[in-house]
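Trainee: My questions are about this predicted structure, shown below with the sequence.
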Amino acid sequence: YLSEKKYLNGPDALMLKSDVAYSFSYITAILELRGCMARGELEKVVRETVLVHDRMRSLVRTRQVLFMYWEELKHVPLENMVLLESKRTTRGELQAFVSERSVEQLPEHLPLWRIYYFSDYDDGSGAPASAMVFRFSHCLADGISAMKMLMSSTPLTRPAVTKKGPKAVPPPPSVWERVHGLGSAVYELLLSPPDTTSLLKPGVHITQETERRVAWSNVAGVTVGDIKRSTKEGGEGLTVNDVLMGALGGALRRYLLHRGASVPSHLRAAMWISLRGIDIYDGKVDLGNEITAISIPLLANVPDGKDRVRAMHNQIARLRHSLLGHLALGMFYVIGNAPAPLAARMMRLGDKYTASASCVPGPREAINFGPCPIERMAFFVPPGNDLHLFVCILTYNNNISICFATDATAIPDPERLVSNFSEELASLL
């Protein structure tokens with residue numbers, strides 16, 4: 001070991017304690033690649049993109065009460081960290097693999113990440129392809145910083161921005177507005193009632209033995225450019241995120257009605273956002289967790305899709321000026337270094353919300369992982385913390401990727417949610 005000791009900050013420590021308490025629900029990134037790499041070539045890329053970061057070479061020394069700390073290894077045995085599969089693998093088999101491995105505990109004597117590389121992947125195109133599954137503890141990085149780390153082997157060029165007139169600067173909030181905003185944030189975070197029990201939130205405790213299922217796909221027939229053109233022509237000030245989140249509410253509505261279930265009027269997601277901003281073109285990779293969760297209604301009870309998108313736009317506009325995210329991140333810093341049982345109990349999102357969701361903007365152009373172009377990517381966190389549904393919407397190279405990870409006892413067919421989302425999104429344009 002190297003001698004220097006670095007302590008985990010509050011959010012990193014909280015994520016680790018939640019991982020351990022709630023069935024090792026680590027983040028999983030899936031990259032579908034064109035072409036393939038030999039082991040030596042893959043390890044070279046991993047050394048240049050992953051191992052250049054201290055914490056990716058480090059163990060976490062956990063303690064119940066005292067601060068946890070990183071302990072850097074002098075040597076990381078990649079033969080145990082990067083695992084290859086040469087057998088022909090279909091997408092269905094890959095989805096089954098990541099579902100089965102999604103809550104597998106990683107050994108504490110090695111850094112808390114693994115790479116599984118499938119060198120002969122059948123993506124349905126008939127062309128040579130491979131796939132990489134990167135599984136890592138949330139204490140190492142949030143999804144956004146991990147995505148930037150994996151993309152660091154490709155120099156990105158910032159797209160040209162069309163200059164517009166100066167934006168109107170709103171007046172600063174009054175003292176009363178600040179006090180009211182803080183009070184609203186405290187209420188939402190600590191005092192708001194939980195979502196009602198439903199098919200998507202059955203109130204069943206999730207354990208490590210609970211079966212998880214994962215499905216992902218690019219949305220066929222709809223691109224980011226299509227959404228931008230549609231919102232611009234509509235002239236209502238709607239954004240791509242408004243439409244994507246409106247489509248998510250519609251997908252859940254379709255699923256509930258298909259199952260013959262009622263659609264609850266109170267159905268919310270814990271929406272993960274970055275408070276340091278998302279700039280994938282700045283060339284910086286700062287691992288860690290500068291993310292927080294805000295509450296967002298999914299409006300599945302609104303039957304008309306376009307009405308739902310307008311209502312979603314109003315909800316998101318309100319949340320942009322909310323102090324909820326800053327208050328939640330502050331609490332992460334405070335409770336992250338509390339004793340593990342207390343910290344994990346404070347993170348029981350399943351007591352309050354129906355789903356966990358994230359909406360991540362990726363590069364606008366195609367990029368590589370090492371020598372291999374990335375065809376599509378997906379991120380997910382397996383259900384845990386008594387949340388039965390996780391959703392990640394990711395935009396990349398003008399395409400939209402949707403991934404649902406579910407508890408199979410509540411939602412046995414996440415692939416139906418994937419198709420529902422695609423159909424709903426097409427209906428909104």
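Mentor: Sure, I can see it.

Trainee: contacts and neighbour counts: CA atoms only from here.
Mentor: Will do.

Trainee: Is it correct that Leu31 is in contact with Ala129?
Mentor: No. Taking contacts as CA atoms under 8 Å, Leu31 lies outside contact range of Ala129: 10.7 Å.

Trainee: if you count what's nearby, which of those two comes out ahead?
Mentor: For Leu31 versus Ala129, the count of surrounding residues by other CA atoms under 10 Å is larger for Ala129: 23 against 20.

Trainee: Give the bridge partners for that one, please.
Mentor: Arg34 (DSSP bridges).

Trainee: Report the contact partners of it.
Mentor: Neighbouring residues of Ala129 by CA atoms under 8 Å, 6 or more residues apart in numbering: 32-36, 119-123.

Trainee: Any figure for the gap between it and Gly35?
Mentor: According to CA to CA, to the nearest Å, Ala129 and Gly35 sit 4 Å apart.

Trainee: With Thr210 instead?
Mentor: Distance from Thr210 to Gly35, by CA to CA: 35 Å.

Trainee: And Gly362, by the same measure?
Mentor: 21 Å.

Trainee: Who are the packing partners of the lengthiest helix in the chain?
Mentor: Looking across the chain with DSSP state H, the single longest helix is helix 240-258. Helix 240-258 is packed against helix 224-234, helix 305-320, helix 414-428, with contacts defined by 3 or more CA pairs under 8 Å, 6 or more residues apart in numbering; DSSP states H and E.

Trainee: Indicate which one of the ones you listed is closest to Gly260.
Mentor: With CA to CA, the closest approach to Gly260 among the helices and strands packed on helix 240-258 belongs to helix 414-428: 14.4 Å.

Trainee: now the closest one and helix 305-320, what's the angle there?
Mentor: Going by axes from the mean of the first three to the mean of the last three CA atoms, to 10 degrees, helix 414-428 is angled at 100 degrees with respect to helix 305-320.

Trainee: For Asn289, list the residues it contacts.
Mentor: By CA under 8 Å, 6+ apart, the neighbours of Asn289 are 11-12, 138-142.

Trainee: where exactly do the strands run in the stretch 1-150 of the chain?
Mentor: 5-7, 27-34, 58-61, 69-72, 82-85, 89-90, 113-118, 121-122, 129-136 (DSSP state E, counting those that start in this stretch).

Trainee: Out of the ones you listed, flag the one nearest Pro193.
Mentor: strand 27-34 (28.2 Å).

Trainee: now the stretch 51-200 of the chain, which segments are flagged as low pLDDT?
Mentor: Within the stretch 51-200 of the chain, the segments meeting pLDDT under 70 span 63-66, 155-175, 177-182, 185-186, 189-190.

Trainee: Which residue ranges of the stretch 51-200 of the chain form helices?
Mentor: With DSSP state H, counting those that start in this stretch, the ranges of helices along the stretch 51-200 of the chain come out as 78-81, 91-101, 143-150, 175-186.

Trainee: Redo those helices as a markdown table? Include mean neighbour count and distance to Arg57.
Mentor: What follows is those, written out as a markdown table (neighbours: other CA atoms under 10 Å; distance: least, CA to CA, whole Å):
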| stretch | mean neighbour count | distance to Arg57 |
| --- | --- | --- |
| helix 78-81 | 12 | 10 |
| helix 91-101 | 16 | 22 |
| helix 143-150 | 22 | 14 |
| helix 175-186 | 14 | 38 |
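
Trainee: now these as CSV including distance to Asn337?
Mentor: Shown next, in CSV, are the helices of the stretch 51-200 of the chain (distance: least, CA to CA, whole Å):
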stretch, distance to Asn337
helix 78-81, 29
helix 91-101, 29
helix 143-150, 22
helix 175-186, 21
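
Trainee: Out of those helices, flag the one nearest Thr239.
Mentor: Across the helices of the stretch 51-200 of the chain (criterion: CA to CA), the nearest stretch is helix 143-150, sitting at 20.3 Å.

Trainee: Could you tell me how far that closest one lies from the centre of the chain?
Mentor: In terms of CA atoms, centre = their mean, to the nearest Å, the centre of helix 143-150 is found 11 Å from the chain centre.

Trainee: tell me the mean pLDDT over whichever helix or strand comes after the longest helix of the chain?
Mentor: Counting by DSSP states H and E, the element after helix 240-258 in chain order, helix or strand, is strand 268-274. Averaged across strand 268-274, pLDDT comes to 88.

Trainee: again with stretch 220-228
Mentor: 94.

Trainee: got the contact list for that stretch?
Mentor: Against stretch 220-228 from outside (CA under 8 Å, 6+ apart): 239-240, 243, 395, 398-400, 422, 425-426, 429.
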